[in-house]
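Novice: Turn this into a model:
(chains A and B)
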Protein chains: 2
Amino acid sequence: MAQFYQPRISKLNQLILTALAGLPLLAPGDDLTGIILQAMETANLHMQDGDILAIAQKAFSKVENRFVTLSAVIPSPLANEWAQKTGKDPRVVELILAESVEVVRWRLGVMVVAHRLGFVSANAGIDASNVGDAPDEQVLLLPANPDASCAAMQTEILRRTGATVGIIMNDSHGRAWRNGTVGVAIGVAGVPALLDKRGTPDLFGRLLQITQVGMADELAAAASFLMGQANEGLPVIHIRGVDFAPRHSSVQELIRPKEQDMFR
Amino acid sequence: MAQFYQPRISKLNQLILTALAGLPLLAPGDDLTGIILQAMETANLHMQDGDILAIAQKAFSKVENRFVTLSAVIPSPLANEWAQKTGKDPRVVELILAESVEVVRWRLGVMVVAHRLGFVSANAGIDASNVGDAPDEQVLLLPANPDASCAAMQTEILRRTGATVGIIMNDSHGRAWRNGTVGVAIGVAGVPALLDKRGTPDLFGRLLQITQVGMADELAAAASFLMGQANEGLPVIHIRGVDFAPRHSSVQELIRPKEQDMFR
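Specialist: Next up is the predicted model:
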């Protein structure tokens, strides 16, 4: 295995993202934290205070056994109605509706919903692109509580390594107005989700126009790119070079309250 | 100056972003390419094929002299009407309308518009947060043609260094549904804006659900984060580790046609 660069640079000026290789296929009950720490050791990469791990939602969902066997799902009349309109599998629609609080928009093949966790995305994050008719066909829901999953891992990493790190759970979302998905944060721990720059003077001492930065989303986007580039088998990205004060955080910081949202 | 790491790692598994330090304040007519190459030399960072530069829109706008002196702007009756509704400076509104093709939404202090370049953003990208009443007060428009600005720099870098690189011009946009701005691409050259993964089999040989990735946006988000972290004085980010086949590209790939857009 290639030896990775051990970043020893000053913070602020360089950001280094490393996709951890050699992770096994994940299954319910696996010790994800232990698997990640093992992969870091193999890469000769040592966890330090201020490091961040960005981890694909699917990795958490698998170890948390968020699989649902479709043959066990009985679609409600409402789900059947939506399935008819959208051309989607009624059992998948049943799961989408159960995971959501509102259908924001829909068209053939897509339901854009407000997930029970708050964020707006397609199909409630349920990957069902390849659902067939086999009796054991399964789909994967998002973790029940992504912030809590991240916080548990953060605590576990502190316990096992002594390092205070940040954790970001990322997923890929489509967007209004723009083509292509981008990585976003759907859970965080230890690292600010939203960076409040209100009152920060710019180079000329004037107050900045941009007042709030979607910090965890920007890092999730970078991680998501590297995951996609490496391949779907590298769901964990180690990030070094982020200058942040560890604090309690929640992905809820990134969710615009409906009453302030001009686009739903 | 600190010596930066010279990435020699294999592609695919590591992404290294470096904010170039020591850039002077930029002024109209400045040789931005030369300034960047000088900063790289100072950092002992040598341009290689496949490197990408992500550059803040403001840097291009300044050297391209996209400054407008507000005292010379005469608001139209329509601009005055919008200014009344939104509480914005009528001269700034005049410029926003001139730079836009459609007002998508508005509320006090904000006009969300479709820019003539296609993308939907607040205030047509015109930073006018600190506009005062001084007679020489200026605002900065986006470059006239960001793709062309990027392409010209790409050509110039090839000529001066022999390296075939990608260029991304980034800006920070607000989003529907989510708090906080994130970096997005508003111009590209050489590097794909949108990555088409349709037909790519996943780990299990099934076709991927996510078919198109906003590649330039994901990289712009990472660059934007590092720019903001360093400070507003570091508008150029060097990116190494992206695996891409150079091709003709345009930010238009990222713009969802209005007739396919469910959110305007």
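Novice: mind listing the helices for the stretch 1-150 of chain A?
Specialist: A:32-42, A:57-63, A:77-86, A:90-98, A:146-161 (DSSP state H, counting those that start in this stretch).
Novice: Compare those helices and report which one is nearest to chain B.
Specialist: Across those, chain B has its closest neighbour in helix A:57-63 (10.5 Å, C-beta to the nearest C-beta). Bear in mind the C-beta positions are built from the backbone N, C-alpha and C, glycine included.
Novice: picking that back up, which of the helices of the stretch 1-150 of chain A sits closest to A:Asp127?
Specialist: Of all these, it is helix A:57-63 that lies closest to A:Asp127, at 7.6 Å by C-beta to C-beta.
Novice: That closest one packs against which elements?
Specialist: Applying 3 or more C-beta pairs under 8 Å, 6 or more residues apart in numbering or on different chains; DSSP states H and E, one finds that helix A:57-63 makes contact with helix A:32-42, strand A:138-140, helix A:146-161, strand A:166-173, strand A:182-189.
Novice: Dump the ones you listed to JSON lines, plus mean pLDDT and mean neighbour count.
Specialist: Below are the helices and strands packed on helix A:57-63 laid out as JSON lines (pLDDT from 0 to 100; neighbours: other C-beta atoms under 10 Å in any protein chain shown):
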{"stretch": "helix A:32-42", "mean pLDDT": "95", "mean neighbour count": "17"}
{"stretch": "strand A:138-140", "mean pLDDT": "93", "mean neighbour count": "18"}
{"stretch": "helix A:146-161", "mean pLDDT": "98", "mean neighbour count": "19"}
{"stretch": "strand A:166-173", "mean pLDDT": "96", "mean neighbour count": "27"}
{"stretch": "strand A:182-189", "mean pLDDT": "98", "mean neighbour count": "30"}
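Novice: Switch the ones you listed over to CSV; also include distance to A:Asp51.
Specialist: Below are these laid out as CSV (distance: least, C-beta to C-beta, whole Å):
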stretch, distance to A:Asp51
helix A:32-42, 9
strand A:138-140, 27
helix A:146-161, 9
strand A:166-173, 7
strand A:182-189, 13
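Novice: would a markdown table of these with distance to chain B be doable?
Specialist: What follows is the helices and strands packed on helix A:57-63, written out as a markdown table (distance: least, C-beta to the nearest C-beta, whole Å):
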| stretch | distance to chain B |
| --- | --- |
| helix A:32-42 | 12 |
| strand A:138-140 | 11 |
| helix A:146-161 | 15 |
| strand A:166-173 | 5 |
| strand A:182-189 | 5 |
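Novice: partners of the helix or strand of chain A with the lowest mean pLDDT in the sheet?
Specialist: Lowest on mean pLDDT, DSSP states H and E among the helices and strands of chain A sits strand A:195-196, with a mean of 88. With DSSP bridges as the test, strand A:195-196 is paired with strand A:212-213 (antiparallel).
Novice: Could you give the separation of the strand it pairs with from the chain centroid?
Specialist: Relative to its chain's centre, strand A:212-213 lies at 19 Å (C-alpha atoms, centre = their mean, to the nearest Å).
Novice: Could you do stretch A:42-58 as well?
Specialist: 15 Å.
Novice: tell me which residues in that stretch are buried?
Specialist: Neighbour-count burial for stretch A:42-58, counted by 16 or more other C-beta atoms under 10 Å in any protein chain shown, picks out A:43, A:45, A:47, A:50-58.
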